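Participant: no FASTA, just this:
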Ligand code: FES
């Protein structure tokens, strides 16, 4: 039998960000964060050198959050706001926190699990 390659030589883009760098540390402001729409992620740095990652999908009705401002992650649809450190809801109609993702930083690269 011919040997089918079993190595993952995927040529299509990953459906998920798991394992690959999604941003560099310099892109994420201290005390704030960024939304990475391509990966449906929010990356934050609540204090220097401490990075967090969350799903960008609002737990209210599923809109993607669009910005990080004044220490909170903001959903434009109905105004829910989430803490940049914990993802907990701090305002608005959402009740559940944004789903957290594990973060690893290697050098300047931020990856999520
Ligand atoms: Fe985010 Fe309603 S979907 S506040």
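Facilitator: Received it, and whenever you're ready, just let me know what you need. Predicted model only: the values in this text are computed from it and were never measured.
Participant: name the residues of the chain found near the ligand, please.
Facilitator: Contact residues of the chain with respect to the ligand, defined by Cβ under 6 Å from any ligand atom, are listed as 58, 60-63, 75, 77-80, 92-94. C-beta coordinates here come from the backbone N, C-alpha and C atoms, glycine included.
Participant: is there a quick ChimeraX command that grabs whichever of those residues are buried?
Facilitator: For anyone working in ChimeraX, the buried entries among the residues of the chain next to the ligand, judged by 16 or more other Cβ atoms under 10 Å, can be selected with:
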select :58,60,75,77,80,92,94
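Participant: now the strands for the protein?
Facilitator: Taking DSSP state E as the criterion, the chain contains strands spanning 21-24, 32-36, 41-47, 50-55, 67-69, 72-74, 81-83, 89-91, 100-101, 103-106, 109-112.
Participant: may I see these organised as a markdown table, with mean neighbour count and mean pLDDT added?
Facilitator: Output for those, formatted as a markdown table (neighbours: other Cβ atoms under 10 Å; pLDDT from 0 to 100):
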| stretch | mean neighbour count | mean pLDDT |
| --- | --- | --- |
| strand 21-24 | 17 | 95 |
| strand 32-36 | 20 | 98 |
| strand 41-47 | 22 | 98 |
| strand 50-55 | 21 | 98 |
| strand 67-69 | 17 | 97 |
| strand 72-74 | 22 | 98 |
| strand 81-83 | 22 | 98 |
| strand 89-91 | 17 | 98 |
| strand 100-101 | 18 | 96 |
| strand 103-106 | 14 | 95 |
| strand 109-112 | 20 | 95 |
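Participant: show me what contacts residue 81?
Facilitator: For residue 81, the residues meeting the contact criterion (Cβ atoms under 8 Å, 6 or more residues apart in numbering) are 72, 73, 74, 75, 89, 90, 91, 92.
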